[in-house]
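Novice: Provided below for reference: sequence and predicted model.
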Amino acid sequence: QVQLVESGGGLVQPGGSLRLSCAASRIIFNLYAMGWYRQAPGKQRELVATITSSGSTKYADSVKGRFTISRDNAKNMVYLQMNSLKSEDTAVYYCNADAEGVQGLGFWGQGTQVTVSS
């Protein structure tokens, strides 16, 4: 069974930085686009950033210039570097794997909490 395990969340002050990691197992990693999504209390889950198998990236407007998504295909890892964090970035962050060219084949991690507060 495919596993996506997030880590790196926590409490950080506004303006601070965090780096989230997602370890993928039991998956042909380089066949999947990877993404980070987040869900704040009382809100729908939203896309934060995605990266294709070839390294093309996409970001939500709200995080452009502050967040950077990257992947290491040799290690089956995807990362989200978050800088200049704001209180509105507070949410549970989820790792997603989406099979490229195969509609509807995707997997989710269990999520990691990010809280931005002074």
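Specialist: Right, received. Where do you want to start?
Novice: how about residue 60, what does it touch?
Specialist: Contact partners of residue 60, counting by CB atoms under 8 Å, 6 or more residues apart in numbering, are 46, 47, 48, 49. Yep, even glycine has a C-beta here, placed from its N, CA and C like the rest.
Novice: contacting residues around the lowest-mean-pLDDT helix or strand in the chain?
Specialist: Lowest by mean pLDDT, DSSP states H and E among the helices and strands of the chain is strand 106-108, with a mean of 94. For strand 106-108, contacts defined as CB under 8 Å, 6+ apart pick out 2, 4, 27, 94, 95, 96, 97, 98, 99.
Novice: nearest to residue 40, of those residues?
Specialist: Using CB to CB, residue 94 is the member of the contacts of strand 106-108 that sits closest to residue 40, with 12.0 Å.
Novice: which residues does the closest one contact?
Specialist: By CB under 8 Å, 6+ apart, the neighbours of residue 94 are 6, 36, 37, 38, 39, 45, 108, 109, 110, 111.
Novice: Counting neighbours, which of the residues you listed comes out on top?
Specialist: Using other CB atoms under 10 Å as the neighbour test, those are led by residue 36, with 26 neighbours.
Novice: That one contacts residue 79, doesn't it?
Specialist: No. Checked against CB atoms under 8 Å, the pair residue 36 and residue 79 is beyond contact range at 9.1 Å.
Novice: so what sits against both of the two?
Specialist: Here residue 36 and residue 79 have 20, 22, 69 as joint contacts, going by CB under 8 Å, 6+ apart.
Novice: Can you list which of these are found in helices?
Specialist: If you go by DSSP state H, the shared contacts of residue 36 and residue 79 have nothing in helices.
Novice: Now render these as TSV, adding pLDDT.
Specialist: Shown next, in TSV, are the shared contacts of residue 36 and residue 79 (pLDDT from 0 to 100):
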residue	pLDDT
20	98
22	98
69	98
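Novice: one step back: toward the C-terminus, what is the element adjacent to the least confident helix or strand of the chain?
Specialist: Next along the chain after strand 106-108, taking DSSP states H and E as the criterion, comes strand 112-116.
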